[in-house]
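# how does the following fold in three dimensions:
(one chain, ligands or ions: 1)
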Amino acid sequence: MSSGANLLQVDGGRLWETLMRSGEIGPGRAGGLCRLPLTDADKEMRDQFISWCEDAGCRVTIDRLGNIFARRDGRDESLAPVLIGSHLDTQVAGGKYDGILGVLAGLEVVRTLNDSSLETRRPIEVVCWTNEEGARFQPPMMCSGAFAGVHDVDWILDCRDDDDFVFGEELARIGYDGDTPVGGREVDAYFELHIEQGPELEAKEIPLGIVSGGYFTRGMVIEVEGENAHSGPTPMDKRRNALVGAAMMIVAANDIGWKQHPPGKSTSSRIKVWPNKPGILPDYAQVTVDFRHPNKATTLAMEADMTAAIDDCCERANVAAEIVQTWEFGNEVFDDECTALVKNAADELQVPYQEMLSQAGHDAYHMTRITPTALLFSPCKEGITHNENEHIELEYTVPAVNVLLHSVLGRANR
Ligand SMILES: [Zn+2]
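This is a model prediction of the structure:
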């Protein structure tokens, strides 16, 4: 790397224009975005992204799950590529930067290399992963997971959303049912830049977080079984109201989070009830809960507390319950060499940074399973995220994008 002022820099204004154009596609209710995967808005954004990538001279391929890879050739095309990526889908009440910054920063890296006609030894690919958020089809980080061999491709294609739309049919409807296989090819390294989604970097005025690991997270879906009955005549001691059992479980999960606060936390974010009508006791409810703590043993203890609480709630509400799905993340190991590359680039560019844990799941977690991976954070205002008021400033974002550029450049010339 050359030194000081001669260092290559991204074009912040161009990156910002690109982000603002993305911010117009799939508007939410309150100034943010509602760009759920495999919707018309998702298609429009994908089309726009591909057109930008092709203008930047990339070759675009799409795999069977709609993951998009925009490839900038390297000098030696026999070498495995360096990937930069994240996601372009959002939550229902989502921001304009969560995931989006990582993909469009990758595009800006390619554009910057083009500006200087800089070749790299290895190819570079900018990746947009399908359905990171899990807002429409669960689980989250779905298609990076399939790329890493964690999920079966056909299982994903058969997944249904709340309105019974099928993933594979929706993917075909928007024209993104690509033909290349999902994963199964060599990747040299993966770099992801993401907004922090927490308040720390902004508060400390540090423009870069280098992720050293995650909060260990365990999640579960609980199904509660009761019995349908009339809400009038049925005596209290004969009721088997699934909603009541589920509500008790939600409170129990919340209490477990408080018991480990800080830094532990628990979440109940979703309840499904059937038939969910006045006048009838529901016989079915489903709740989704998760537990997070930097210490794996504590997370496991929180989960065990929940399992015990479920039995207690069942007894009190006179219902039955079953844990039908569990998942975990945050145990992943980021690569020392890639992380060192990021630190060196930050030092070289004189960008202050701190090492930190991620409290949210990211596509990078799955990628650690198949390739050396580094995850970078840039600040976001007050840590507000999964909220239409999510906000970043160009001035404190560009330093991390420059670090991404030089990290990728270093790796791609390896
Ligand atoms: Zn994200």
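# do a quick rundown of the helices in the stretch 301-414 of the chain.
Assigned by DSSP state H, counting those that start in this stretch, the stretch 301-414 of the chain shows helices spanning 336-349, 363-367, 394-412.
# the second one: how far from the chain's middle?
Translated: helix 363-367. Remark: helix 363-367 is offset 9 Å from the chain centroid, using CA atoms, centre = their mean, to the nearest Å.
# same deal with the last one?
Going by CA atoms, centre = their mean, the spacing between the C-alpha centre of helix 394-412 and its chain's C-alpha centre is 20 Å.
# which single residue in the stretch 301-414 of the chain comes nearest to the ion?
When scored by CB to the ion, the stretch 301-414 of the chain has residue 362 as its residue closest to the ion, at 6.1 Å. In short, each C-beta sits where N, CA and C put it, glycine included.
# could you find the closest non-adjacent residue to that residue?
Computed as CB to CB, 6 or more residues apart in numbering, the closest residue to residue 362 that is not its neighbour in sequence is residue 194, at 5.7 Å.
# tell me where the stretch 51-200 of the chain has strands.
59-62, 68-72, 82-87, 124-129, 189-195 (DSSP state E, counting those that start in this stretch).
# redo those strands as TSV? Include mean pLDDT.
What follows is these, written out as TSV (pLDDT from 0 to 100):
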stretch	mean pLDDT
strand 59-62	98
strand 68-72	98
strand 82-87	98
strand 124-129	98
strand 189-195	98
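# for residue 175, which of those is the nearest?
Ranking the strands of the stretch 51-200 of the chain by proximity to residue 175 (CB to CB) places strand 59-62 first, at 9.2 Å.
# restricting to C-alpha, output the closest one in PDB.
In PDB, the C-alpha atoms belonging to strand 59-62 read as follows (Å, rounded to 0.1, in the frame of the first residue of the first chain):
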ATOM      1  CA  ARG A  59     -20.800  -9.800 -15.300                       C
ATOM      2  CA  VAL A  60     -24.000 -10.700 -13.400                       C
ATOM      3  CA  THR A  61     -25.100 -14.100 -12.500                       C
ATOM      4  CA  ILE A  62     -28.200 -15.200 -10.400                       C
END
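# in it, which of the residues would be classed as buried?
Within strand 59-62, the residues scored as buried using 16 or more other CB atoms under 10 Å are 60, 62.
# pull out the buried positions in stretch 406-414.
Those would be 406, 407, 408, 409, 410, 411, 412, for stretch 406-414 by 16+ other CB under 10 Å.
# so which residues make contact with that stretch?
Applying CB atoms under 8 Å, 6 or more residues apart in numbering, the contact partners of stretch 406-414 are 1, 7-8, 74, 82, 84, 109, 113, 118, 120-124, 188-189, 191, 338, 341-342, 344-345, 348-349, 374, 376.
# is stretch 84-92 anywhere near the ion?
No: counting by CB under 5 Å from the ion, the ion has no neighbours in stretch 84-92; the shortest distance is 5.8 Å.
# off-centre distance for that stretch?
7 Å.
# okay, how far is it across that stretch, tip to tip?
For stretch 84-92, the first-to-last residue distance is 25 Å (CA to CA, to the nearest Å).
# just list the residues touching residue 227, thanks.
Applying CB under 8 Å, 6+ apart, the residues near residue 227 are 240, 281, 283.
# so residue 120 touches residue 74, yeah?
Yes: with contact defined as CB atoms under 8 Å, residue 120 counts as touching residue 74 (5.2 Å).
# point me to the residue of the chain nearest the ion.
In the chain, no residue comes nearer to the ion than residue 99, which is 3.7 Å away by CB to the ion.
# what is the neighbour count of residue 216?
22 (other CB atoms under 10 Å).
# which strand residues bridge it?
For residue 216, the beta-bridge partners under DSSP bridges are residue 293.
# for it, what are its contacts?
Going by CB under 8 Å, 6+ apart, residue 216 touches 292, 293, 294, 295, 296, 299, 328, 330, 331.
# can you narrow the residues you listed to ones near the ion?
Among those, no residue lies close to the ion (CB under 5 Å from the ion).
# out of the residues you listed, which comes closest to residue 250?
Within these, proximity to residue 250 (CB to CB) peaks at residue 292, which comes in at 16.5 Å.
# which ones are touching the closest one?
Contacts for residue 292 (CB under 8 Å, 6+ apart) come out as 215, 216, 217, 264, 265, 266, 267, 299, 330, 359.
# for PyMOL, what selects the buried ones among those?
Buried subset of those, written as a PyMOL selection, criterion 16+ other CB under 10 Å:
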select buried, resi 215+216+217+264+265+266+267+299+330+359
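# save the contacts of residue 292 as CSV, and put in distance to residue 131 too.
Below are the contacts of residue 292 laid out as CSV (distance: CB to CB, whole Å):
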residue, distance to residue 131
215, 22
216, 23
217, 18
264, 28
265, 24
266, 25
267, 20
299, 25
330, 20
359, 21
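# in strands only, show me the contacts of residue 292.
Judged by DSSP state E, strands contain the following of the contacts of residue 292: 216, 217, 265, 266, 267.
# taking the residues you listed together, which two end up most distant?
It's 216 and 267 that sit farthest apart of the ones in strands among the contacts of residue 292, by CB to CB, at 14.2 Å.
# how long is stretch 60-75 end to end?
End-to-end span of stretch 60-75 (CA to CA): 18 Å.
# which parts of that stretch are buried?
Going by neighbour count (16+ other CB under 10 Å), the buried part of stretch 60-75 is 60, 62-72, 74.
# that older thread, isn't the residue of the stretch 301-414 of the chain closest to the ion right up against residue 191?
No: checked against CB under 8 Å, the pair residue 362 and residue 191 is beyond contact range at 11.8 Å.
# tell me which of those two has more neighbours.
Neighbours were counted for residue 362 and for residue 191 using other CB under 10 Å; residue 191 has more, 30 against 27.
# how far away is that one from residue 402?
The spacing between residue 191 and residue 402, counted by CB to CB, to the nearest Å, is 13 Å.
# spit out the residues that contact these two alike.
Common contact partners of residue 191 and residue 402 (CB under 8 Å, 6+ apart): none.
# now residue 86. Nearest residue, chain neighbours left out?
Closest residue in space to residue 86, ignoring its immediate chain neighbours: residue 102 at 2.6 Å, by CB to CB, 6+ apart.
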